[in-house]
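Novice: Sequence plus the predicted model coming up.
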Amino acid sequence: GGLTGGEKGQNQEVQKEFFAMDTYMTFSLYGEKAGETLKDAEAKIRKLESEWSVTNQNSEIYQVNHSNGNPVTLSEDTAEVVRYALDMAKETGGALDPTIYPVLTAWGFTTGKNRVPKETEIRTLLEHVGYEKVILDGQTLTLPEEMELDLGAVGKGYAGDLTADLVKEHGLESALLNIGGNIQAVGSRPDGEDWRLAIRSPYGEGEVGLLKVSDCAVVTSGNYERYFTAKDGTRYGHIIDPKTGYPVDNGLASVTIVTEEGKMGDALSTALFVKGLDGAKAYWQSHDGFEMIVMTEDQKLYVTEGLDEKFTLSGTFSQMER
Ligand code: ADP
Ligand code: MG
Ligand code: MG
C-alpha cells in the first residue's frame, strides 16, 4: 500500500556524495527533515574545512603556521580539536604528533612530488617537531617559529563527531556518515537493525569482514592508500613515525578503531599504526573506550575481545590468537 503523507515524511531518505577535506564523503540520512539536515551537515563540514585546512590561506591553521611565533586566537571548534590532538599526542607518547608536517612535506606527501630525503635533512627537520612545544591557553595558541601544525590525523574524526551531533540535534535517529573512509554511525538503521559495515581489505579488492554496530565511529589508518614507490622499489606510506621521521614500516597493513567518538578513532588509528602490533596491544590493555582490528602485512588479523559478537571474518583471512 502507498505511504501516507505522514509516513512519507518519517521515512525520508537522502544521500549525497561530495568532495571536502581532500577526500570523498558520502552522507546517508534517514527520517523527517533528512533533506535540510543534509544541507546543514555538508555546510558544517565545509566550514570546518575552511578553518582547518593547511593550504587555504584564510584558514586558522594556515594563520597559525604563518604566525612567526606570535599568539593566535582560535575559534572554539579549532581550539577544541587542537587541544584534543595535543592531549592524544601526550597520551600516545608522541606516536601521534600534529607537528610532524615539515617532515611530511620533505617526503613530498603534501606537494605530490614524492622524494626520499637525506638522513641529515630529516634530522634537522625533527628539531622543529614536538607537540610539547605548542602552547594552547584557552583559545590562544602559540606555535614556535619554524614549526607547523596539521590536523590530518584527527580532523576528519573530529568533524565526524561534530556532524553526528548536528544530525542528532536536528532530531534524526538514523544516519551513516562516511568521511573519507571514517565511518560515523548515528543510531541504527532505519529498520532498527545494526548497521552492517564492510571492513575494506588493505590487501587488495574486497573486504576482510563485516562489522555490526550502532551509534559509533569506525576509523581505519593504513599505508595502502596514500604511498609512493621509490626508484629502488621501497614503498613509503604517508604515516610518519615522529621518533625517526621515516614512514612507518613495522609489518602492519592497517589499524581499525571502533569507538564512540570519531576523534578518538582517528587519533588512535594513526597512533596505534605507528606503535605497531605489540604497542597497540599494550595501549588497548591500559586504556578503555575502544576496540580494534589490527591487520598485518602477512594478512593476519588481531581482533580485540569486545568485537567478538560484532565482527565476522570473511573466508580467506585468519585471526591471530590473543
Ligand atoms: P587518512 O588521512 O588517510 O585517513 P590518518 O588519519 O591516519 O589517515 O592521518 C594521516 C595523516 O596525518 C597524514 O596524511 C599526515 O597529514 C598526518 N600524519 C602522518 N603521520 C602522523 C603522525 N605520526 N602524527 C600525526 N599526524 C600524522
Ligand atoms: Mg587518524
Ligand atoms: Mg583517517
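Specialist: Structure's in. What do you need? Ligands and ions are numbered 1, 2, ... in the order given.
Novice: in terms of contact, does residue 102 touch residue 145 like I think?
Specialist: No - between residue 102 and residue 145 there is no contact under Cβ atoms under 8 Å: 12.0 Å. Every residue, glycine included, has its C-beta placed from N, CA and C.
Novice: Which of these two has more residues huddled nearby?
Specialist: residue 102 (21 against 9; other Cβ atoms under 10 Å).
Novice: Let me know the distance separating the more buried one from residue 245.
Specialist: To residue 245, residue 102 is 9 Å away according to Cβ to Cβ, to the nearest Å.
Novice: what sits in contact with each of the two?
Specialist: Common contact partners of residue 102 and residue 245 (Cβ atoms under 8 Å, 6 or more residues apart in numbering): 125, 129.
Novice: OK, contacts around the residue of the stretch 51-200 of the chain found nearest ligand 1?
Specialist: Residue nearest to ligand 1 within the stretch 51-200 of the chain (Cβ to the nearest ligand atom): residue 152, separated by 2.6 Å. By Cβ under 8 Å, 6+ apart, the contact list for residue 152 reads 54, 101, 104.
Novice: now residue 265
Specialist: Per Cβ under 8 Å, 6+ apart, neighbours of residue 265: 157, 182, 217, 218, 219, 257, 258, 259, 290.
Novice: Can you flag which of those residues belong to strands?
Specialist: Of the positions in those, 182, 217, 218, 219, 257, 258, 259, 290 sit in strands, assigned by DSSP state E.
Novice: give me the number of residues near the second one?
Specialist: Read that as residue 217. 27.
Novice: when you give positions from now on, start the count at 813
Specialist: Got it, first residue is 813 now, which makes that one residue 1029.
Novice: give me every residue that touches it.
Specialist: Under the criterion of Cβ under 8 Å, 6+ apart, the neighbours of residue 1029 are 969, 972-973, 994-997, 1069-1074, 1076-1077.
Novice: and if you look at the third one?
Specialist: Residue 1030 sits next to 994, 995, 997, 1009, 1011, 1023, 1068, 1069, 1070, 1077 when contact means Cβ under 8 Å, 6+ apart.
Novice: how about the residues of the protein near ligand 2?
Specialist: Contacts of the chain with ligand 2, taken as Cβ under 5 Å from the ion, map to 965, 1033, 1078, 1081, 1082.
Novice: If we use 6 Å, what do you get?
Specialist: 965, 966, 1033, 1078, 1081, 1082 (Cβ under 6 Å from the ion).
Novice: Please verify my assumption that the second one contacts residue 900.
Specialist: Yes - proximity of residue 966 to residue 900 meets the contact threshold set by Cβ under 8 Å, at 7.0 Å.
Novice: between those two, which one's more packed in?
Specialist: residue 966 (29 against 23).
Novice: who's residue 1105 bridged to?
Specialist: Counting by DSSP bridges, residue 1105 is bridged to residue 1068, residue 1115.
Novice: Tell me the predicted confidence for it.
Specialist: On the pLDDT scale, residue 1105 is placed at 98.
Novice: how about residue 826, what does it touch?
Specialist: Shown in contact with residue 826 (Cβ under 8 Å, 6+ apart): 840, 841, 846, 847, 850.
Novice: circling back to that earlier point, which residues are in contact with each of residue 966 and residue 900?
Specialist: Common neighbours of residue 966 and residue 900, counting by Cβ under 8 Å, 6+ apart, are 908, 1079.
Novice: Help me confirm that residue 1057 comes into contact with residue 934.
Specialist: Yes - in this structure residue 1057 lies within contact range of residue 934 using Cβ under 8 Å: 3.9 Å.
Novice: So for the two, which sits in the more crowded spot?
Specialist: residue 1057 (22 against 19).
Novice: now the contacts of residue 1030 as CSV including pLDDT?
Specialist: Shown next, in CSV, are the contacts of residue 1030 (pLDDT from 0 to 100):
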residue, pLDDT
994, 95
995, 98
997, 98
1009, 97
1011, 96
1023, 98
1068, 98
1069, 98
1070, 98
1077, 98
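Novice: Weed out the non-buried ones from those residues.
Specialist: Burial by neighbour count, 16 or more other Cβ atoms under 10 Å: within the contacts of residue 1030 this picks out 994, 995, 997, 1009, 1011, 1023, 1068, 1069, 1070, 1077.
Novice: which helix of this protein spans the most residues?
Specialist: helix 1074-1098 (DSSP state H).
Novice: what about dumping the CA coordinates of the host helix or strand of residue 1020 to CSV?
Specialist: Assigned by DSSP states H and E, residue 1020 falls within strand 1019-1025. What follows is strand 1019-1025, C-alpha atoms only, in CSV (Å, rounded to 0.1, in the frame of the first residue of the first chain):
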residue,chain,number,x,y,z
GLU,A,1019,36.7,-6.9,2.4
VAL,A,1020,38.2,-8.7,5.4
GLY,A,1021,34.9,-8.9,7.2
LEU,A,1022,31.7,-7.5,8.3
LEU,A,1023,31.1,-5.3,11.4
LYS,A,1024,27.7,-4.9,13.0
VAL,A,1025,27.4,-1.7,15.0
